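A.B. asks: Could you look at this predicted model? Sequence included:
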Amino acid sequence: LAAPPGTPSLLSTAATQLADSVAGSRRALDRLMSENYVPTQLWPRDPNDDATLVATVVESLDHLRGCATLNKLRSALKQRHALPRSVKSVPLRAFLASYCDLFTLDGAHVYLRQAPLRFAPPEPPGVA
């Protein structure tokens, strides 16, 4: 069924949302590779732009039993997203600090504090 004239179709709306999501993820990835990030600079937390990064870090930490070094995470992000340059430690620290509800930084180690709801394992039957 065609959408009425002047009304965006469901397909074009979905394509626009996907394009916005990809652009947001690209901005966040570019920020991670920035050599101009200073240690006092806060990460502009945006759950839409950062969703891909959060998912990658959660999956990496989950795979490594909840703990990894910054270097391992930098490597995982670079490999997973086929980045042309390395992920820098300063913006990665800023990113992780902005999601302190999910991750804990302790020196060069990162710990998974809690997985986002969509990554949480299902409750066993009978547990309320």
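C.D. replies: The structure has been received and is ready for your questions. Residues are numbered from 1 along each chain as shown.
A.B. asks: Quick one, grab the pLDDT at the residue nearest the centre of the chain.
C.D. replies: In the chain, the centroid-proximal residue (C-alpha atoms, centre = their mean) is Leu53; its distance is 1.8 Å. With respect to pLDDT, Leu53 scores 90.
A.B. asks: Spit out the contact partners of it.
C.D. replies: Leu53 is in contact with Ser25, Ala28, Leu29, Leu32, Leu77, Phe95, counting by C-beta atoms under 8 Å, 6 or more residues apart in numbering. The C-beta positions use only the backbone N, C-alpha and C, and glycine is treated the same way.
A.B. asks: tell me which of the residues you listed is nearest to Thr40?
C.D. replies: Of all the contacts of Leu53, Phe95 has the smallest distance to Thr40: 14.6 Å, by C-beta to C-beta.
A.B. asks: any idea how far the closest one lies from Lys88?
C.D. replies: As judged by C-beta to C-beta, to the nearest Å, Phe95 and Lys88 stand 10 Å apart.
A.B. asks: Repeat that for Ala94.
C.D. replies: From Ala94 to Lys88 the distance is 10 Å (C-beta to C-beta).
A.B. asks: which residues are common contacts for these two?
C.D. replies: Joint contacts of Ala94 and Lys88 (C-beta under 8 Å, 6+ apart) are Tyr37.
A.B. asks: For these two, work out which one has more neighbours and name it.
C.D. replies: Ala94 (21 against 17; other C-beta atoms under 10 Å).
A.B. asks: Tell me if Trp43 really is in a helix.
C.D. replies: No. Read with DSSP: H, G, I helix; E, B strand; the rest coil, Trp43 is coil and lies in no helix.
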